[in-house]
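>>> After the sequence you'll find the predicted model.
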Amino acid sequence: MNLYYNPLQSSLTNIPISNQKQMPIDSQTGFIRGNLFANLYEPYLRSEPFPLKPINQRESLLNKVREYDFALVELDLFLDNHPNDQEKIQLYNQYLKQSKQARQEYEQRYGPLSLNSDWLNTYPWGWLTPPWPWEVS
């Protein structure tokens, strides 16, 4: 039993803590569902998640960047509450590496994704270099 201080009661209180191991699913399924942990996922109104169907290589690569970034946020939130979970720390580092690789590949082919991109170390200023995302078909 775990005891926690409850400021409303000015004493230690029993608060149940889930001892269930949080098992992450693959990053693509987690991204589509909006939850990286299978045992925490409940479908909204018993509906199925909408599968992403990229129409070209650019969109597919951008979805990979989004997928890995989503997994990083999910694991970051998990690690805020479970900082000693070595397995999740390793998984976080794995997704961080994959995110950097996917971002680098995207930016090399299609241009910078954000203002802190290494691809903006150019003259003239690379952020203004076309094409803009909405100009690409």
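Good, I have the coordinates. Everything numeric in this text was worked out from a predicted model, so none of it was measured.

>>> Just give the number of residues close to G111.
18 (other C-beta atoms under 10 Å). For glycine as for every other residue, the C-beta is placed from the backbone atoms N, C-alpha and C.

>>> can you check D26 too?
Neighbours around D26, by other C-beta under 10 Å: 11.

>>> ditto for the one 10 residues further on
Taking other C-beta under 10 Å as the criterion, the count of residues near L36 is 27.

>>> How confident is the prediction for it, by pLDDT?
For L36, the model assigns a pLDDT of 88.

>>> my read: it touches M23, true?
No: L36 is beyond contact range of M23, at 9.7 Å (criterion: C-beta atoms under 8 Å).

>>> Run through this structure and note the low-pLDDT ranges.
Scanning the chain for pLDDT under 70 picks out the ranges 1-20, 130, 132-134, 136-137.

>>> Please enumerate the strands of it.
With DSSP state E as the criterion, the chain has strands at 3-6, 11-14.

>>> what about the helices in this structure?
27-33, 57-81, 86-110 (DSSP state H).
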